[in-house]
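Asker: Show me how the following folds:
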Amino acid sequence: METDNNTDDRSFEDELERIVLAAFARGDPVEGQWTIDVPVSSAPDWTITVEKRSPKTHSNQNHDPTLLDD
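Answerer: Below you'll find the model as predicted:
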């Protein structure tokens, strides 16, 4: 998973990736935005956004998806 943070600790990214992939595998809607309100006044609230993006293609591969007839 690509990340844009400044930490070398992969535990958060690894856990987040597992959650997203497991939800996708179950057929759950993964795209969306969620707000987490923390009940502790000294802790921040969070907004989480998950967006689907097109898969990367390598420059030396030509991917031409086709539909197969039954």
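
Asker: correct me, but residue 37 touches residue 47?
Answerer: No - counting by C-beta atoms under 8 Å, residue 37 sits too far from residue 47 to count as a contact (10.1 Å). Every C-beta, even on glycine, is put in place using the N, C-alpha and C of the backbone.

Asker: where does residue 14 fall, helix, sheet strand or coil?
Answerer: What DSSP: H, G, I helix; E, B strand; the rest coil gives for residue 14 is helix.

Asker: what's the neighbour count on residue 23?
Answerer: 13 (other C-beta atoms under 10 Å).

Asker: quick one: the strands in the protein?
Answerer: Assigned by DSSP state E, the chain shows strands spanning 32-36, 46-50.

Asker: out of those strands, nearest to residue 20?
Answerer: Judged by C-beta to C-beta, the one of these that comes nearest to residue 20 is strand 46-50, at 6.6 Å.

Asker: Next, the angle strand 32-36 makes with the closest one.
Answerer: 160 degrees (axes from the mean of the first three to the mean of the last three C-alpha atoms, to 10 degrees).

Asker: Identify the residue spatially nearest to residue 20, adjacent ones excluded.
Answerer: With sequence-adjacent residues excluded and distances taken as C-beta to C-beta, 6 or more residues apart in numbering, residue 20 is closest to residue 30, at 5.8 Å.

Asker: for the one you found, what are its contacts?
Answerer: By C-beta atoms under 8 Å, 6 or more residues apart in numbering, the residues touching residue 30 are 20, 23-24, 50, 52.

Asker: Swap in 7 Å and give it another go.
Answerer: Residues in contact with residue 30 (C-beta atoms under 7 Å, 6 or more residues apart in numbering) are 20, 23-24, 50.

Asker: Pull up the per-residue confidence for it.
Answerer: If you check residue 30, the pLDDT there is 93.

Asker: how many neighbours does the closest residue to residue 51 other than its chain neighbours have?
Answerer: Leaving aside its sequence neighbours, residue 51 sits nearest to residue 31 (C-beta to C-beta, 6+ apart; 6.0 Å). When counting by other C-beta under 10 Å, one arrives at 9 neighbours for residue 31.
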